[in-house]
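Chemist: Here's my sequence, what's the structure:
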Amino acid sequence: MMEQRKSSFWDRAVRNLRSVWGKIGATDNYFLEASFSPELNEIDQRRLIEHMRACLEARGGEVSARSRAAALGHAYLALNETGRKRFLGVLASEFGSDTETVNKAISDLQNATNTENRMAAEKNLRNALVSTRTRLLTQFNALPEGVKFLVDMRAELIPWARNDPFLNTVECDLKALLTSWFDVGFLELKQITWKAPAALLEKFFGYEAVHEITGWDDLKNRLASDRRCFAFFHPRMPEEPLVFVWVALVEGMASNIHELLDKGAPDQDEKHADTAIFYSISNAQAGLSGITFGNFLIKRVVDNLSAELDGLKKFATLSPIPGFMPWLRSNLENNHLEFLTIEQQEKLKRTSSKGSPKASLIHLLYDTKWVNNTETQSMLKPILLRLAVHYLANEKRNEGTALDSVAHFHLNNGARIEQLHWAADLSPKGIKQSAGIMLNYLYLLKDIEVNHESYRSGKAIMTSSDVRDLLKDQKPT
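Modeler: Sure, this is the predicted structure:
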């Protein structure tokens, strides 16, 4: 990803900065000083350390400091993967907090004898704990597209940092920095329409994470008069959506994604719509992973749509269950089918020659031909719906939250599990992830806060009576 952007956003930033340097008589020497071998060998690493220290010293004033930071970023983009890892390793090993300064600040705090001294010591300790690499990375905030550069840097860094404690320190510092910059109060909600610039619309092809956009006709259909798309933007990344949601304005609860995205279906009169269906939410920037603002997006969009369309009475989703099939396959291989009724287990035994209900279900699920067999579908429908409800309502992480990531997102936002739909997404991805099942999470405005607090405090998962009925008469084997 970073390689593909070498000649794009950072070069534009360099051109912008050069116009500034021309006004103050700066030269291009910084770029010559910052050119390194692609793999960043040991000699280049020593030169890099010197260049980073020069950035921190801010010799020559603020503009010169920014030009040095731009040179540093330009050099980073010219490195190969090995070089970029070594670059970040230098940040980790050479530009942390000063241990002596931190220890002195701790000692001063412990020895403070009055409120004034204690407050001063606390301030000094906070300042001492800010690593020099954080100060260095902060300089990119002032550069054109510098924030996007750091977001992309973190996107590449996250997988590297998982098993590298040194790189993990850089990732944590970068996450803290971006978290402070991407507070929801700084974000702007925009409605995306077909009249938006083509360069912006084109980005949604790559950023859509739930239901692939197959072409311009498909995109235009998703932006029709009975559809909406909203996205959060940041002032320092005005051409880059951060997170976006697709909405369908319909009558009643949507139950099938193929029908919802049918390009041949006529547009509906938005004034007759009584339900807004959120059918896809995508985080567009991998480098902002773990920095949450998707929940604020839902709330802001609900407010906007309520103000625009008086007839809207319900707000719900049509969502996949991405963790269901991986969980089920793992569970089948390691456990019994205690989640099914005796009758359902007997049906499975009669369906194949594999003997046990467990073996029969494994055989059926690994052979996806069942999707095209009406009789097998009919037999599997109550079984898989029951297993899906159990998974959604009862399977938890160690901290007590829902195991399914999409379920956790919506339940934490105050929604409830309203209704499951069979054969709602028969795409290869839908079958692989969710056995074709989708569900509606319902946002009842009067219950959102209560549901949120209930889920957060006691981890209670709110469900409708129809959903609870699917788990009745559960008997262990």
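
Chemist: contacts and neighbour counts: CA atoms only from here.
Modeler: Fine.

Chemist: Low-confidence stretches in the chain?
Modeler: 1-34, 58, 60-62, 335-337, 352-355, 459, 473-477 (pLDDT under 70).

Chemist: For the stretch 351-477 of the chain, which segments count as helices?
Modeler: Using DSSP state H, counting those that start in this stretch, the helices of the stretch 351-477 of the chain run over 357-366, 374-394, 405-412, 428-434, 448-458, 465-469.

Chemist: For the fourth one, which residues meet the burial criterion?
Modeler: Same thing as helix 428-434. Applying a neighbour-count criterion of 16 or more other CA atoms under 10 Å, the buried positions in helix 428-434 are K429, G430, I431, K432, Q433, S434.

Chemist: tell me what it is packed against?
Modeler: Counting contacts by 3 or more CA pairs under 8 Å, 6 or more residues apart in numbering; DSSP states H and E, helix 428-434 packs against helix 324-334.

Chemist: got the angle between the helix it packs on and helix 357-366?
Modeler: For helix 324-334 against helix 357-366, the angle by axes from the mean of the first three to the mean of the last three CA atoms, to 10 degrees is 140 degrees.

Chemist: quick one: the residue nearest to the spatial centre of the chain from V302, how far?
Modeler: In the chain, the centroid-proximal residue (CA atoms, centre = their mean) is N283; its distance is 4.1 Å. Separation of N283 from V302 (CA to CA, to the nearest Å): 18 Å.

Chemist: now, among the buried residues of helix 428-434, which is nearest to V389?
Modeler: V389 lies nearest to S434 out of those, by CA to CA, at 11.7 Å.

Chemist: got the contact list for the closest one?
Modeler: P320, I321, P322, G323, F324, M325 (CA atoms under 8 Å, 6 or more residues apart in numbering).

Chemist: and it, how far is that from R162?
Modeler: To R162, S434 is 28 Å away according to CA to CA.

Chemist: cool, E116 as well?
Modeler: Distance, E116 to R162, by CA to CA: 41 Å.

Chemist: Quick check on these two: which one has the bigger neighbour count.
Modeler: R162 (12 against 9; other CA atoms under 10 Å).

Chemist: May I have the secondary structure class of the closest residue to L79 other than its chain neighbours?
Modeler: Nearest residue to L79 in three dimensions, chain neighbours excluded: P38, at 4.3 Å (CA to CA, 6 or more residues apart in numbering). Of the three states, P38 takes coil under DSSP: H, G, I helix; E, B strand; the rest coil.

Chemist: thinking P38 is in contact with N80, fair?
Modeler: Yes - counting by CA atoms under 8 Å, P38 touches N80, with 5.2 Å between them.

Chemist: close enough to count as contact, W194 and K220?
Modeler: Yes - applying CA under 8 Å, one finds W194 in contact with K220, separated by 6.4 Å.

Chemist: how about I298, what does it touch?
Modeler: Counting by CA under 8 Å, 6+ apart, I298 touches V245.

Chemist: Same check on R66?
Modeler: C55, Q139, F140, A142, L143.

Chemist: and it, that's in a helix?
Modeler: Yes - assessed with three-state DSSP, R66 lies in a helix.

Chemist: I'd like to know how far it sits from R59.
Modeler: Counting by CA to CA, the separation of R66 from R59 is 11 Å.

Chemist: Which single one of the contacts of S434 is nearest to A307?
Modeler: Out of those, the member with the shortest distance to A307 (by CA to CA) is P320, at 28.3 Å.

Chemist: Next, count neighbours for the closest one.
Modeler: A count of nearby residues for P320, using other CA under 10 Å, gives 27.

Chemist: Same check on the one 4 residues further on?
Modeler: Neighbour count of F324, defined by other CA under 10 Å: 23.

Chemist: Relative to A120, how far out is the residue in the chain sticking out farthest from the centre?
Modeler: Ranking residues of the chain by C-alpha distance from their mean position (CA atoms, centre = their mean) puts T113 at the top, at 46.8 Å. Distance, T113 to A120, using CA to CA: 11 Å.

Chemist: Let me know the helix or strand that D310 is in.
Modeler: If you go by DSSP states H and E, D310 is not part of any helix or strand.

Chemist: give the contact list for Q139.
Modeler: Applying CA under 8 Å, 6+ apart, the residues near Q139 are A65, R66, A69.

Chemist: go with 10 Å
Modeler: Residues near Q139 by CA atoms under 10 Å, 6 or more residues apart in numbering: C55, L56, E62, A65, R66, S67, R68, A69, A70, G146, V147.

Chemist: Could you pull up phi and psi at it?
Modeler: Here is the backbone geometry of Q139 (degrees, to the nearest 10): phi -60, psi -20.

Chemist: What sits closest to G83 if chain neighbours are left out?
Modeler: Excluding the flanking residues, the one nearest G83 by CA to CA, 6+ apart is E39, at 4.0 Å.

Chemist: any idea how far the one you found is from T169?
Modeler: With distances taken as CA to CA, E39 is found 22 Å from T169.

Chemist: Over to N373?
Modeler: For N373, the distance to T169 (CA to CA) stands at 53 Å.

Chemist: And these two? Which one has more around it.
Modeler: T169 (18 against 10).

Chemist: The more buried one contacts S97, doesn't it?
Modeler: No - if you go by CA atoms under 10 Å, T169 and S97 don't touch, sitting 11.0 Å apart.

Chemist: what touches both of these two?
Modeler: S131.

Chemist: follow-up on the earlier one: next one: the closest residue in space to the residue nearest to the centre of the chain that isn't next to it in sequence relative to Y441, how far apart?
Modeler: For N283, ignoring the flanking residues on the chain, the nearest one in space by CA to CA, 6+ apart is V243 at 4.3 Å. For V243, the distance to Y441 (CA to CA) stands at 19 Å.
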